[in-house]
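1. quick one, what's the 3D model for this:
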Amino acid sequence: MSDRIRLTGLRIRGRHGVYDVERAEGQDFVIDAELELDLAPAAATDDVTRTVHYGELAGRLAAIVAGEPVDLIETLADRLAAECLTDARVEAATITVHKPQAPIPHEFADVAVVLRRTR
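-> Model (predicted):
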């Protein structure tokens, strides 16, 4: 499928990580989501109900990030991808979870996990 919806830079506070301080203090996570689906029905009808409403998607993804903590951002990314695939029109979802405040004792620009899940 060549049609895509991209939501990038969704910044949400969460309490994910293997260290107690990450759970106690929390930190920002930045989420990028790319959904693969047929956008022709929405384009032909100009009807938002014929596509994935990206505002509603952002809310659902934010609730997961702000919700139950997990140790690994791999697990978080998998949960986010699964949420994207709850809409039967979505054929595949690629999720990137950025952890810009990861407890790394060196200067770094970014650390992220990227995964793609298909129906």
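2. CA atoms for contacts and neighbours, from now on please.
-> OK.
3. from residue 106, how far off is residue 67?
-> Distance check for residue 67 against residue 106: by C-alpha to C-alpha, to the nearest Å, it reads 29 Å.
4. the two - which one has more neighbours?
-> Under the criterion of other C-alpha atoms under 10 Å, the comparison of residue 67 against residue 106 puts residue 67 first, with 13 against 6.
5. where do the strands sit along the chain?
-> Counting by DSSP state E, the chain has strands at residues 4-14, 27-36, 92-98, 112-118.
6. which residues does residue 111 contact?
-> Residues near residue 111 by C-alpha atoms under 8 Å, 6 or more residues apart in numbering: 98, 99, 100, 102.
7. in the protein, where is pLDDT below threshold?
-> Residues of the chain meeting the criterion pLDDT under 70: 1.
8. now with 90?
-> 1-2, 119 (pLDDT under 90).
9. and the helices in it?
-> With DSSP state H, the ranges of helices along the chain come out as 20-25, 40-45, 54-66, 73-84.
10. tell me the helices and strands packed up against the last one.
-> Secondary structure elements in contact with helix 73-84, counted by 3 or more C-alpha pairs under 8 Å, 6 or more residues apart in numbering; DSSP states H and E, are helix 54-66, strand 92-98, strand 112-118.
11. what does the longest one give?
-> Helix 54-66 is packed against strand 4-14, helix 73-84, with contacts defined by 3+ C-alpha pairs under 8 Å, 6+ apart.
12. return the most buried member of those.
-> Using mean count of other C-alpha atoms under 10 Å, the stretch among the helices and strands packed on helix 54-66 with the largest mean neighbour count is helix 73-84, at a mean of 20.
13. convert the C-alpha atoms of it to PDB, please.
-> Included here for helix 73-84 are C-alpha records, laid out as PDB according to Å, rounded to 0.1, in the frame of the first residue of the first chain:
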ATOM      1  CA  ILE A  73      10.400   0.900  24.900                       C
ATOM      2  CA  GLU A  74      10.300  -2.100  22.600                       C
ATOM      3  CA  THR A  75       7.200  -3.200  24.600                       C
ATOM      4  CA  LEU A  76       5.700   0.300  24.500                       C
ATOM      5  CA  ALA A  77       6.200   0.400  20.700                       C
ATOM      6  CA  ASP A  78       4.500  -3.000  20.300                       C
ATOM      7  CA  ARG A  79       1.500  -1.800  22.300                       C
ATOM      8  CA  LEU A  80       1.300   1.400  20.200                       C
ATOM      9  CA  ALA A  81       1.400  -0.600  17.000                       C
ATOM     10  CA  ALA A  82      -1.200  -3.000  18.200                       C
ATOM     11  CA  GLU A  83      -3.500   0.000  18.900                       C
ATOM     12  CA  CYS A  84      -3.000   1.300  15.400                       C
END
